[in-house]
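Peer 1: here you go, sequence then predicted model.
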Amino acid sequence: MAGDSKKSVVAALAGNTFVCIMKFVGFALTGSGAMFAEAIHTLADVLNQALLLLGIVRSGKDANAKYQYGYGQERFVWALVSAVGIFFLGCGVTLMHGIDSLLAEEAHAPTGNLTIALVILGISLVIEGAVFMIAFLDLRKSAAGRPFFNYLRVDADPSAVAVLLEDAAACLGVIFALIAIGLTKLTNESYWDSIGSIAIALLLGAVAIWLTFRNKELLVGASAPEHKTQAIRDAINADPSVERIAQIKSKMIDTETYDVLIELELDGEQLTEHFEQKLRTAWDAGFADWDAFYAFEKDFADDVVEYVGDKIDEIEKKVQEAVPEVKHIDVELD
């Protein structure tokens, strides 16, 4: 999954850097507020995707004495910084410019050839549409048949989701800008250009708010998705030596690593049946004295402890086979 996320982020970063330059050139030539909004929008995307790439790279660092569970959650930190950047740079600056333009139409009316802006936006739509499809197909592949929108909300790497949402917003923003500049060109009314700028800003704000809350959940310590927890429960209950599960607690270390605590009770009858032959043999042989019985008792206690330890190891292995994302697991007897 990390490789797919990195591929999506790199593709988005490359495509948006080129588009960003084109849009700023278009703004310089036309003075269009909607074009300025789109240029700022794409600049925010470029900066944010650079942060996402930094998070992906740093989250792959190996664990050490200070960070014994690794750096997996660092990608959530940079994804959160990215979301805040979208909100303040993308939404805030664009909204202020749009409102300012709307209140002072004459001063901020487009002055250049708007056909140039429309051509640049058309090229941008093709490039950003291609980048969106790369991110979409990678996430669709990672979803592996699961309901796609639920996968985006619960399971998917937030870095990849951020890229998908930013690319979707970029395509929609270009469409808003095309409509706004087209109406400005047709009607000679500059307020359409300002309205397009405001619409793009609100679109960016909605994306930023969603990403902020998603990454906040992961940083605070969201539990594993419910279907993963149920898979863990099913794997444990399939073992006949387990009498009941007292509780399962989980925490996402990153999108590919879960930390799980399991408290359970083993079936005493099953344990007795396992040692029945050993007990029967000892009973039939009898004991010459207390020392002989005490020696048997110590040996039997060691066997029980070893058996319980092996059983816990077996349960842990079954859980990790059922849910490979469980990398850190602690099974305790209740």
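Peer 2: Ah, there it is.

Peer 1: give me the below-cutoff pLDDT ranges for this structure.
Peer 2: 1-4, 105-112, 158, 255 (pLDDT under 70).

Peer 1: now with 90?
Peer 2: The chain contains residues with pLDDT under 90 at 1-20, 22-125, 127-228, 238-243, 250-259, 266-297, 300, 304, 324-334.

Peer 1: show me it divided up by domain.
Peer 2: 2-220, 226-333 (automatic domain parsing).

Peer 1: gap between the two ends of the last one?
Peer 2: The one in question is domain 226-333. 23 Å (CA to CA, to the nearest Å).

Peer 1: and that domain, how far from the chain's centre?
Peer 2: On the basis of CA atoms, centre = their mean, to the nearest Å, domain 226-333 sits 33 Å off its chain's mean C-alpha point.

Peer 1: and if you look at stretch 170-180?
Peer 2: 27 Å.

Peer 1: now what about it, what contacts it?
Peer 2: For stretch 170-180, the external contacting residues (CB atoms under 8 Å, 6 or more residues apart in numbering) are 16, 19, 32, 34-35, 37-38, 41-42, 45, 117-118, 121-122, 124-125, 128-129, 131-132, 192-193, 195-197, 199-200, 203-204. The C-beta positions use only the backbone N, C-alpha and C, and glycine is treated the same way.

Peer 1: show the contacting residues for residue 183.
Peer 2: By CB under 8 Å, 6+ apart, the residues touching residue 183 are 189, 192.

Peer 1: try it again at 10 Å.
Peer 2: Residue 183 sits next to 34, 189, 191-193, 195-196 when contact means CB atoms under 10 Å, 6 or more residues apart in numbering.

Peer 1: distance from the host helix or strand of residue 128 to the middle of the chain?
Peer 2: Counting by DSSP states H and E, the element that carries residue 128 is helix 114-143. Put simply, helix 114-143 sits 22 Å off its chain's centre (CA atoms, centre = their mean).

Peer 1: tell me which other helices or strands that helix touches.
Peer 2: On a contact count with 3 or more CB pairs under 10 Å, 6 or more residues apart in numbering; DSSP states H and E, helix 114-143 meets helix 2-30, helix 33-59, helix 148-154, helix 158-187.

Peer 1: what residues sit buried inside the last one?
Peer 2: What it means is helix 158-187. The neighbour-count check on helix 158-187 (16 or more other CB atoms under 10 Å) flags 158-174, 176-178, 180-185 as buried.

Peer 1: cool, and stretch 277-296?
Peer 2: Neighbour-count burial for stretch 277-296 [16+ other CB under 10 Å]: residue 282.

Peer 1: could the helices and strands packed on helix 114-143 go into CSV alongside distance to residue 331?
Peer 2: CSV is the format used below for the helices and strands packed on helix 114-143 (distance: least, CB to CB, whole Å):
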stretch, distance to residue 331
helix 2-30, 28
helix 33-59, 27
helix 148-154, 25
helix 158-187, 29
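
Peer 1: of those, which is nearest residue 280?
Peer 2: Residue 280 sits nearest to helix 148-154 of all those, at 51.9 Å, using CB to CB.

Peer 1: which other helices and strands does the closest one contact?
Peer 2: Against helix 148-154 (3+ CB pairs under 10 Å, 6+ apart) you get helix 114-143, helix 158-187, helix 191-220, helix 226-237.

Peer 1: so what touches the last one?
Peer 2: Residues outside helix 226-237 that contact it (CB under 10 Å, 6+ apart) are 146, 150, 154-155, 223-225, 242, 244-245, 248-250, 252, 258, 260, 262, 264, 315-323, 325-326, 329, 331.

Peer 1: which of those residues are buried, as a ChimeraX select command?
Peer 2: Buried members of the contacts of helix 226-237, defined by 16+ other CB under 10 Å, are picked up in ChimeraX with:
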select :154,155,224,225,242,248,250,252,258,260,262,264,315,316,318,319,320,322,323,325,326,329,331
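
Peer 1: among the contacts of helix 226-237, which lie within helices?
Peer 2: Cross-referencing the contacts of helix 226-237 against helices under DSSP state H gives 150, 154, 315-322.

Peer 1: among the residues you listed, which one sits closest to residue 56?
Peer 2: Residue 56 has its nearest neighbour among the ones in helices among the contacts of helix 226-237 in residue 154, at 19.8 Å by CB to CB.

Peer 1: grab the nearest non-local neighbour of that closest one.
Peer 2: Nearest non-adjacent residue to residue 154, counting by CB to CB, 6 or more residues apart in numbering: residue 225, 4.6 Å away.

Peer 1: surely the one you found is in contact with residue 150?
Peer 2: Yes. Here residue 225 reaches residue 150: they are 9.0 Å apart, a contact under CB atoms under 10 Å.
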